[in-house]
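In: sequence and computational prediction follow.
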Amino acid sequence: MVSVQYYIILNEHAGSGRAGTLWPQIKEQLAADQVTYQVVTSEYPNHAILLSEQFAKQVPDQANQNWVVLAIGGDGTLHQAINGLNQHPRQHPIPVAYLPVGSGNDFARGAGMALDWQTALTQIIRCTHPTTYDIGTYNETIKQERGIFTNNLGIGFDAGIIAQANQSKAKVWLNKHHLGSLSYLASALDVYYNQTGFTLTVHVGQQRDIYPNAFLVTTTNHPYFGGGVGIAPNATLTDHRLHLVVIEKPNFFKLLWLGLRLVFKRHLTSKAVHYYQAANIHLTVPAIEYGQLDGEEMGGRFFDVYIGIDQYPFWVDVTI
Ligand SMILES: Nc1ncnc2c1ncn2[C@@H]1O[C@H](COP(=O)(O)OP(=O)(O)OP(=O)(O)O)[C@@H](O)[C@H]1O
């Protein structure tokens, strides 16, 4: 057994508070398995970025260090933890692990991890060596922001839904009653009516395509977004490629039809859907649109974003 120590970043608010409720049981399991760890709690939104960045500064950049940063929460918590680790690139990156106890847990789905926390924890603590998975990188030149994403970078409809759901008063009530997904459905209808099509330019290699009526623009690293929706069914975390799906604004009936095709993974052949696979993608949107990164809000903004692919070590053995 490899002796690994875990630096746990716990987001008790993930999964509408599920992570906090489960933590005593997770702690018991860690003790039963004699796992060595330190734990810190995310005290406010985005705190996990700072926590993992500060932790990484203390760990020597050596091949033989035995720390793993374990994010306990949802995709947002993993996103923040891995971005904190990447603030100062290292020759020997600290492996990251993720216990999926959030709402969507799309990275766990994409990696083929167990979605029940006990099995997922076993896949982490019985792991003996890191697995290298692809991660997306982005460089947005207008606001001069760069970083990474494990799942996807979305502009338009998906990002609008997240922004709307987070602002809605109903979300607080629905989350309290464990009906968080209903708030996303309500927001989806609202955003559909308010979201006009926007102009998008896609540059891939020598190709340049202009869409005057784009509606959903998602660049993904694995199949899933929005809590298990298979937007790019062929994507894998090891294909060293990004998968871009552009959907032009459909009328309401077409939207329902597309939704149905999406459920049966038949949407990519629809006329309103455009699909690219590439290692580098450049997108420009000269209008204020919402953006999302791994389910975290990027805000309303213009976009001139270069998206690429990199690799990072993850501490999980999905064969267990
Ligand atoms: N102490 C805190 N108080 C309020 N929000 C917090 C706190 N700590 C972290 N957060 C925020 O909680 C948000 C949700 O976390 P996360 O995405 O991990 O869970 P989720 O949304 O339930 O899961 P998923 O993204 O998988 O659907 C993140 O945006 C994070 O910044």
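Out: Ah, there it is. Numbering: from 1, shown residues only.

In: residue boundaries of the helices in the stretch 101-250 of the chain?
Out: Remark: helices assigned in the stretch 101-250 of the chain by DSSP state H, counting those that start in this stretch are 106-111, 117-125, 157-167, 169-176, 180-194.

In: flag whichever of those helices has the least confidence on average.
Out: Per-stretch mean pLDDT for the helices of the stretch 101-250 of the chain is lowest at helix 169-176 (a mean of 61).

In: how many residues are close by I247?
Out: I247 has 25 neighbouring residues, counting by other Cβ atoms under 10 Å. In this view, the C-beta of every residue, glycine as well, is placed from N, C-alpha and C.

In: circling back to that earlier point, so which of the helices of the stretch 101-250 of the chain comes closest to Q65?
Out: Taking Cβ to Cβ, helix 117-125 is the member of the helices of the stretch 101-250 of the chain nearest to Q65, at 17.7 Å.

In: helices or strands up against the closest one?
Out: helix 18-32, strand 96-100 (3 or more Cβ pairs under 8 Å, 6 or more residues apart in numbering; DSSP states H and E).

In: which one, of the helices of the stretch 101-250 of the chain, ends up nearest to the ligand?
Out: Closest approach to the ligand among the helices of the stretch 101-250 of the chain is made by helix 106-111 (6.3 Å; Cβ to the nearest ligand atom).

In: next one: that closest one to chain centre, how far?
Out: How far helix 106-111 lies from its chain's middle: 9 Å, per Cα atoms, centre = their mean, to the nearest Å.

In: next: stretch 189-207.
Out: So, by Cα atoms, centre = their mean, the centroid of stretch 189-207 is 20 Å from its chain's centroid.

In: residues of that stretch that come out buried?
Out: V191, Y192, Q195, F198, L200, T201, V202, V204 (16 or more other Cβ atoms under 10 Å).

In: same thing with stretch 121-138?
Out: 121-125, 127, 130-131, 133-138.

In: ends of that stretch, how far apart?
Out: End-to-end distance of stretch 121-138: 30 Å, with Cα to Cα, to the nearest Å as the criterion.

In: repeat that for stretch 126-142.
Out: End-to-end for stretch 126-142, by Cα to Cα: 44 Å.

In: so for it, mean pLDDT?
Out: For stretch 126-142, the per-residue pLDDT averages 97.

In: tell me which of the helices and strands packed on helix 117-125 sits most buried.
Out: Among these, strand 96-100 has the highest mean neighbour count (mean count of other Cβ atoms under 10 Å), at a mean of 27.

In: pull the residues that contact it.
Out: The contact list for strand 96-100 (Cβ atoms under 8 Å, 6 or more residues apart in numbering) reads 6, 26, 68-74, 77-78, 81-82, 85, 107-108, 113, 115, 117, 120-121, 124, 127, 312-316.

In: now it - C-alpha only, CSV.
Out: Taking C-alpha atoms only, strand 96-100 is exported to CSV below (Å, rounded to 0.1, in the frame of the first residue of the first chain):
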residue,chain,number,x,y,z
VAL,A,96,-5.9,15.7,-7.2
ALA,A,97,-8.7,13.5,-6.1
TYR,A,98,-12.5,14.1,-6.0
LEU,A,99,-15.2,12.6,-3.9
PRO,A,100,-18.4,13.3,-5.8
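
In: how far does it sit from the chain's center?
Out: How far strand 96-100 lies from its chain's middle: 12 Å, per Cα atoms, centre = their mean.

In: ok, stretch 43-60 next?
Out: Using Cα atoms, centre = their mean, the offset of stretch 43-60 from its chain centre is 18 Å.

In: can you sort out which of the contacts of strand 96-100 also neighbour the ligand?
Out: For the ligand, the contacts drawn from the contacts of strand 96-100 by Cβ under 6 Å from any ligand atom are G73, G74, T77.

In: can you list which of those residues are found in strands?
Out: When those are checked against strands (DSSP state E), the matches are G73.

In: picking that back up, can you redo the helices and strands packed on helix 117-125 as a markdown table with mean pLDDT?
Out: A markdown table is the format used below for these (pLDDT from 0 to 100):
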| stretch | mean pLDDT |
| --- | --- |
| helix 18-32 | 97 |
| strand 96-100 | 98 |
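
In: buried among the contacts of strand 96-100? Need that as a selection in PyMOL.
Out: In PyMOL, this line selects whichever of the contacts of strand 96-100 come out buried by 16+ other Cβ under 10 Å:
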select buried, resi 6+26+68+69+70+71+72+73+74+77+78+81+82+85+107+108+113+117+120+121+124+127+312+313+314+315+316
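
In: leaving out sequence neighbours, find the closest residue to the closest residue to the ligand within the chain.
Out: Here the chain gets closest to the ligand at one residue, G74, 1.9 Å apart by Cβ to the nearest ligand atom. Spatial nearest neighbour of G74, excluding adjacent residues (Cβ to Cβ, 6 or more residues apart in numbering): G102 at 1.6 Å.
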